[in-house]
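Asks: Quick one: sequence and predicted model below, then my questions.
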Amino acid sequence: QVQLVESGGGLVQAGGSLTLSCAASGRTFNSYTMGWFRQAPGKEREFVGVITWRYITYYADSVKGRFTITRDNAKSTMSLQMNSLKPEDTANYYCAADTAFRGLSKESFEYWGQGIQVTVSS
């Protein structure tokens, strides 16, 4: 069982920056595929970015060049650095994990955090 806890959300003005963190339990964090997804009110949960155990990253086109995912295996944490934030980035952000790389869809991840709100004001 893997437990995930997000932190770092909040309110930020458009153009600003925010960093989300995800702390994971489990003894084999360095082998997990980790991801970030987000869900805005009335919309489907959507892919934001993924980092594999080999530190290979994938990003949604909507955040490419603005968001950066990193991981610290020694601390069992993953971070999402968000720059040049836009009002359309407002959503509940979810940390996800899986023991293998199965793809970029939400169905590819078995473990999920509770989510954390990010609000970008215009």
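Replies: That came through fine.
Asks: could you measure the most centrally placed residue in the chain against Asn83, distance?
Replies: Note on the chain: the residue nearest the mean C-alpha position is Trp36, at 2.3 Å, using C-alpha atoms, centre = their mean. Between Trp36 and Asn83 the distance is 14 Å, computed by C-beta to C-beta, to the nearest Å. Placement of C-beta: from N, CA and C, glycine included.
Asks: And for Ser122?
Replies: Going from Ser122 to Asn83 by C-beta to C-beta gives 17 Å.
Asks: what's the answer for Arg66, then?
Replies: Distance, Arg66 to Asn83, by C-beta to C-beta: 5 Å.
Asks: if we can go back for a sec, now for the residue nearest to the centre of the chain: which residues touch it?
Replies: By C-beta atoms under 8 Å, 6 or more residues apart in numbering, the contact list for Trp36 reads 20, 22, 48-50, 69, 78, 80, 93-96.
Asks: at 6 Å instead, please
Replies: Contact analysis of Trp36 by C-beta atoms under 6 Å, 6 or more residues apart in numbering lists 48-49, 80.
Asks: Please apply the same query to Asn92.
Replies: Asn92 makes contact with 39, 115, 117, according to C-beta under 6 Å, 6+ apart.
Asks: Filter these down to the buried ones, ChimeraX style.
Replies: A single ChimeraX command suffices to select whichever of these are buried according to 16 or more other C-beta atoms under 10 Å:
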select :115
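Asks: Specify which member of the contacts of Asn92 is nearest to Val12.
Replies: Gln117 (11.2 Å; C-beta to C-beta).
Asks: ok, that closest one to Gly65 distance?
Replies: Distance, Gln117 to Gly65, by C-beta to C-beta: 24 Å.
Asks: re earlier: compare Ser122 and Asn83 (neighbour count), which wins?
Replies: Counted by other C-beta atoms under 10 Å, Ser122 and Asn83 do not tie: Asn83 has more neighbours, with 14 against 9.
Asks: I'd guessed that one sits against Phe67; true?
Replies: No. Checked against C-beta atoms under 6 Å, the pair Asn83 and Phe67 is beyond contact range at 7.3 Å.
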